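*Asks:* I'll drop the sequence and a predicted model, then ask my questions.
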Protein chains: 2
Amino acid sequence: MNFSIKNVLISTDDGYSTTDVQVVDGKIAAIAPHLDVVGTAVNGEHKLLLPGFVNAHTHSSEKWQRGIIPPLPLELWLAHLYDFAPLDTEKVYLSALGTAVETLLSGGTSVVDHLVLIPGEELETITAAVRAYREIGIRAFIAPLIQDESLTAGIPSGENERNHEPYFRSTAETLALVEEAVRQFHRPDEGVSILVAPTGIQLCSDALFTGCIELSDRYNLCRHSHLLETKAQEKLAQEKYGCSAVEHLKRLGYLGDRTSLAHCVWLNEFDIEILAETQSTVVHNPLSNLRLGSGIAPILKYRQAQVNVTFGCDGASSNDSQDLLEAIKIGSILHNTTERDYQYWITPRQATKMAALGGAKGLNMADKIGSLTVGKQADLILYDLTSLSLLPRTDPIGLLVLGRPTNAVDSAWVNGKQIVANHQVTTINVDELRQELFQRSQWNTQRQSPTVVEIEAHYRTVMGL
Amino acid sequence: MNFSIKNVLISTDDGYSTTDVQVVDGKIAAIAPHLDVVGTAVNGEHKLLLPGFVNAHTHSSEKWQRGIIPPLPLELWLAHLYDFAPLDTEKVYLSALGTAVETLLSGGTSVVDHLVLIPGEELETITAAVRAYREIGIRAFIAPLIQDESLTAGIPSGENERNHEPYFRSTAETLALVEEAVRQFHRPDEGVSILVAPTGIQLCSDALFTGCIELSDRYNLCRHSHLLETKAQEKLAQEKYGCSAVEHLKRLGYLGDRTSLAHCVWLNEFDIEILAETQSTVVHNPLSNLRLGSGIAPILKYRQAQVNVTFGCDGASSNDSQDLLEAIKIGSILHNTTERDYQYWITPRQATKMAALGGAKGLNMADKIGSLTVGKQADLILYDLTSLSLLPRTDPIGLLVLGRPTNAVDSAWVNGKQIVANHQVTTINVDELRQELFQRSQWNTQRQSPTVVEIEAHYRTVMGL
């Protein structure tokens, strides 16, 4: 599995240089011009080598509903999602494969899958996702999505007290489930990690968060959660805690340098200071925040406060793609409208660092992946700069981030193992996957969500619509 | 050139139906199930047929600088652009071809090219673009970009009166140039139209607008212009006219049902009423408005006021792609953050109508193209719904607009002539184009714009930065 990439363009502090890169035993062994060829020689001419990006927040099985949920805010969109969530572990396996393929072909070598669990088949769901990610070879961070309150509890009550059905599984059982998943599947050295991942303050008790902190400490697990994605959640946090969700999570001890928080749209200045001080990571999901009308996250303020920020596609029902370069592009340029002084705007180079090293930091992996550094694991993407979408030749990283690259990923390696070659995923049969996805689905346009019918009037009232 | 598409999915009022479509002599002759095959039979199974979209605002030669201009607001970005604009008509020809290829492969069958003219070779520039569009066969609306004031006049003066160098070409000569272009190239029936297209109030005198109105009336030409793209332009209009730019253009008589206006970011309620009343068309360029930090155009307000809205990619130095589906996606979901009531959000179906019929309306072509209607010209796109990026199967239009389709365009016809087949442009050699674009360019990362150095301090002062 040793190889040497010859004459490849890499990014330097102030431009680019053409160099060779040696990979030995899964690690970057040397970066310099004119190195001896060790192992297989890879022609790097007219290609750009970057560290693999991290798709730092997604929900793979949402792929089964991409394109079909109408334009709705999160709370009503969720009702659709749960009314029609797939209940078949084979589907979970296939959508995890599909998510991995799209992530790889848009520059990602790692994926954080905040995985929706099939009730009663929770471990089987995780097994299916692990199987998919191991087969394809992407670096996987599986974050089983847990909660211990029922869906309606996630909508603010407004003036009236409302009672919610108890959640079907107890807090203790849920935590036991995560612990079992850790025992069975948490193998960071083999490229599969389990994260603790309560869905968010809107549907989780303090006991669930606290239990997750204990598991995280005992097994050295990273922590993940949604955070203040919508205005409704900001309202709900005030109802539940009488303070902001960030203050509450800080008090519970959930925040820290291996905690990554998806969305972070509705934070105030004080919340931002807490994120900086706890060294928590923000995962920016610009496309789903737009699609669900959640808002524009204050990403430039995070950056000014030295908060680590990286990018995620979010699940394919709220984006509805898994193209990481698209998330990076929109997640960069979107914020130019929020700050008049262009000196603070995110440059393409900064964006690629956020997507690579920023993602690694949020997963406590900054010493192992996220940059082209001798000694780090070889999680690499080789871009073909002769793709029509990257021509004429100008600034390669500018073209990659600000353009719309298609068929631009020539090769990908994870831990030194090649899993994309000549623009094709080599570890699975993608054409077969395509056929499976086709055969297990049908054109569907007249779908109605019974839960939306049930909760919409209350939602409109409490949100003042 | 007659053909029949068999068993193809088309969109109906409340869903989809599977049908046949006959095209005879360039026009849609019949749409119904089980039609006899006339001419060539095209297999429409697992494919979606839509009217071609309009890339309603771009500048093709900007492609030579895509990916390289740093994050800057329009006024400084323009200085970069003009300092390094290509001065070679062969380059203009090649970038027009490239723009057409990317537009076709993302659902567009028409392009409005607000074409930057090489000084002293203005007609040759237009000739080069016409040659490219005729060769490839896309429906082309060439809008020679004209102005009669020099670049610095486009920045507000602030408190100090400033003098600007006179523009190198007189107003009369400029108008004569456009008239000559009309004589030589305006052949709507052959798919090439010339538009009058002063760049905008920021760099054009009233005499230039008035001259364009006369030409437009005399030759039945559509009218195009940038309008209030930036806050600086709003300020400038007040300095120049003491009223809004829209009021001024209305007084001049430039607005009307064959006038399309790119950007329209900084309009007030009263301006919006004027656009509605004059039946002008707004061309929404969401990606360049974000990239340049121009702002978020109030598109939902336009729609509520019954203003016709369609989409453009804008030039490839300010986007930096020519993927029309990307512009449609972002141009739809972006506005969900500007309006809390989701009932006003743009649905995927509405977005495709805006992109097709909305584009046709703005070009005074609504009776000829923009919908699947018997008697209209066959400007058609056939999407392959078995592309991995459009699977699993759900709502085809939802997948197309909200996803990130890649390699999804199977076929394209303009005026009944097939110009994309089996995912490839058939009328030109795209691989040769790729090689030309490669060979005539070089990796370039250390570029400095002398004009930016010259004008930046004044820009920052007058904009309060």
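*Replies:* Okay, I see it.

*Asks:* And the contacts of stretch A:418-430?
*Replies:* If you take C-beta atoms under 8 Å, 6 or more residues apart in numbering or on different chains as the criterion, stretch A:418-430 is touched by A:1, A:3, A:97, A:101, A:104-105, A:135-138, A:384, A:407, A:409-413, B:388. Placement of C-beta: from N, CA and C, glycine included.

*Asks:* tell me which residues in that stretch are buried?
*Replies:* If you call a residue buried by 16 or more other C-beta atoms under 10 Å in any protein chain shown, then stretch A:418-430 has these buried ones: A:418-420, A:425-428, A:430.

*Asks:* Tell me which two of those residues sit farthest apart.
*Replies:* A:Gln418 and A:Val430 (15.3 Å; C-beta to C-beta).

*Asks:* re earlier: now which of the contacts of stretch A:418-430 would you call buried?
*Replies:* Buried, going by 16+ other C-beta under 10 Å: A:3, A:97, A:101, A:104-105, A:136-138, A:384, A:409-413, B:388, out of those.

*Asks:* Narrow the contacts of stretch A:418-430 to those in strands?
*Replies:* A:3, A:384, A:409-413 (DSSP state E).

*Asks:* so where's chain A uncertain?
*Replies:* Counting by pLDDT under 70, chain A has low-confidence residues at A:159-161.

*Asks:* now do 90
*Replies:* Along chain A, segments meeting pLDDT under 90 span A:1, A:13-14, A:85-87, A:150-165, A:444-447, A:462-463.

*Asks:* In space, what's closest to the spatially most central residue of it - neighbours in sequence excluded?
*Replies:* The centroid of chain A falls nearest to A:His57 when counting by C-alpha atoms, centre = their mean (1.9 Å). Spatial nearest neighbour of A:His57, chain neighbours left out: A:Gly312 (3.1 Å); criterion: C-beta to C-beta, 6 or more residues apart in numbering or on different chains.

*Asks:* Count the residues that sit near that neighbour.
*Replies:* 32 (other C-beta atoms under 10 Å in any protein chain shown).

*Asks:* Same question for A:Leu267.
*Replies:* 25.

*Asks:* now the one 5 residues further on
*Replies:* A:Ile272: 20 surrounding residues under other C-beta under 10 Å.

*Asks:* who touches it in this structure?
*Replies:* A:Ile272 touches A:298, A:301-302, A:305, A:307, counting by C-beta under 8 Å, 6+ apart.

*Asks:* Could you tell me how far the residue in the stretch 151-300 of chain A positioned nearest to chain B is located from A:Arg460?
*Replies:* Distances between the stretch 151-300 of chain A and chain B by C-beta to the nearest C-beta are smallest at A:Gly293, namely 3.4 Å. A:Gly293 sits 14 Å away from A:Arg460, taking C-beta to C-beta, to the nearest Å as the criterion.

*Asks:* And A:Gly15, by the same measure?
*Replies:* 54 Å.

*Asks:* Flag every residue of the stretch 101-250 of chain A that's near chain B.
*Replies:* The interface of the stretch 101-250 of chain A toward chain B, taken as C-beta under 8 Å from any C-beta of the partner chain, is made up of A:101-102, A:231.

*Asks:* Give me the three-state assignment for the residue nearest to the centre of chain A.
*Replies:* Assigned state for A:His57: strand (three-state reduction, DSSP: H, G, I helix; E, B strand; the rest coil).

*Asks:* cool, the one 5 residues further on as well?
*Replies:* Taking three-state DSSP as the rule, one finds A:Glu62 in the helix state.

*Asks:* Double-check that A:Asp113 belongs to a strand.
*Replies:* Yes. Counting by three-state DSSP, one finds A:Asp113 located in a strand.

*Asks:* Now do it: how many residues are near it, please.
*Replies:* 33.

*Asks:* Name whatever forms a beta bridge with it.
*Replies:* Applying DSSP bridges to A:Asp113 yields these beta-bridge partners: A:Thr58, A:Ile142.

*Asks:* Please name the residues that touch it.
*Replies:* Here A:Asp113 is in contact with A:58-60, A:96, A:99, A:129, A:133, A:140-143 (C-beta under 8 Å, 6+ apart).

*Asks:* out of those, who's nearest chain B?
*Replies:* Nearest to chain B among the contacts of A:Asp113, with distances taken as C-beta to the nearest C-beta, is A:Thr99, at 11.4 Å.

*Asks:* so how many other residues sit close to the closest one?
*Replies:* Neighbours of A:Thr99 (other C-beta under 10 Å): 29.

*Asks:* which ones are touching it?
*Replies:* A:55, A:58, A:60, A:63, A:111, A:113, A:316, A:322.

*Asks:* Tell me the secondary structure at it.
*Replies:* helix.

*Asks:* how much space between it and A:Ser321?
*Replies:* A:Thr99 is 10 Å from A:Ser321, by C-beta to C-beta.

*Asks:* is it true that the residue nearest to the centre of chain A touches A:Val112?
*Replies:* Yes. Look at A:His57 against A:Val112 with C-beta atoms under 8 Å: they come within range, at 5.6 Å.

*Asks:* Report the set of residues contacting both of the two.
*Replies:* Common neighbours of A:His57 and A:Val112 (C-beta under 8 Å, 6+ apart) are A:224, A:260, A:283, A:312.

*Asks:* can I get those in CSV with secondary structure?
*Replies:* Formatted as CSV, the shared contacts of A:His57 and A:Val112 follow (three-state DSSP):
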residue, secondary structure
A:His224, strand
A:Ser260, strand
A:Val283, strand
A:Gly312, coil
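
*Asks:* picking that back up, show me which of the ones in strands among the contacts of stretch A:418-430 neighbour chain B.
*Replies:* Okay, of the ones in strands among the contacts of stretch A:418-430, nothing touches chain B (C-beta under 8 Å from any C-beta).

*Asks:* of the residues you listed, closest to A:Leu203?
*Replies:* Scanning the ones in strands among the contacts of stretch A:418-430 for proximity to A:Leu203, where the rule is C-beta to C-beta, the winner is A:Ala412, at 35.4 Å.

*Asks:* Grab the nearest non-local neighbour of that closest one.
*Replies:* Once flanking residues are discounted, A:Ala412 sits nearest to A:Val420: 3.8 Å by C-beta to C-beta, 6+ apart.

*Asks:* got the CA coordinates for the helix or strand encompassing the one you found in PDB?
*Replies:* Secondary structure from DSSP states H and E places A:Val420 in strand A:417-421. Coordinates of each C-alpha in strand A:417-421 appear next as PDB, following Å, rounded to 0.1, in the frame of the first residue of the first chain:
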ATOM      1  CA  LYS A 417      -5.500   3.000   1.100                       C
ATOM      2  CA  GLN A 418      -6.700   4.000  -2.300                       C
ATOM      3  CA  ILE A 419     -10.500   4.000  -2.500                       C
ATOM      4  CA  VAL A 420     -11.100   6.300  -5.500                       C
ATOM      5  CA  ALA A 421      -8.900   5.900  -8.700                       C
END
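
*Asks:* And it, how far out from the chain middle?
*Replies:* From the chain centre to the centre of strand A:417-421 is a distance of 21 Å (C-alpha atoms, centre = their mean, to the nearest Å).

*Asks:* Stretch A:207-215 too?
*Replies:* 22 Å.

*Asks:* List the contacts of that stretch.
*Replies:* Counting by C-beta under 8 Å, 6+ apart, A:146-148, A:171-172, A:174-175, A:178-179, A:182, A:196-198, A:221, A:223, A:249, A:252-254 sit against stretch A:207-215.

*Asks:* Any buried residues in it, and which?
*Replies:* Applying 16+ other C-beta under 10 Å to stretch A:207-215 flags A:208-209, A:211-213, A:215 as buried.

*Asks:* A:Lys250 reaches A:Thr278, doesn't it?
*Replies:* Yes. Using C-beta under 8 Å, A:Lys250 makes contact with A:Thr278 at a distance of 6.5 Å.

*Asks:* A:Ala232 in helix, strand or coil?
*Replies:* Applying three-state DSSP: A:Ala232 is helix.
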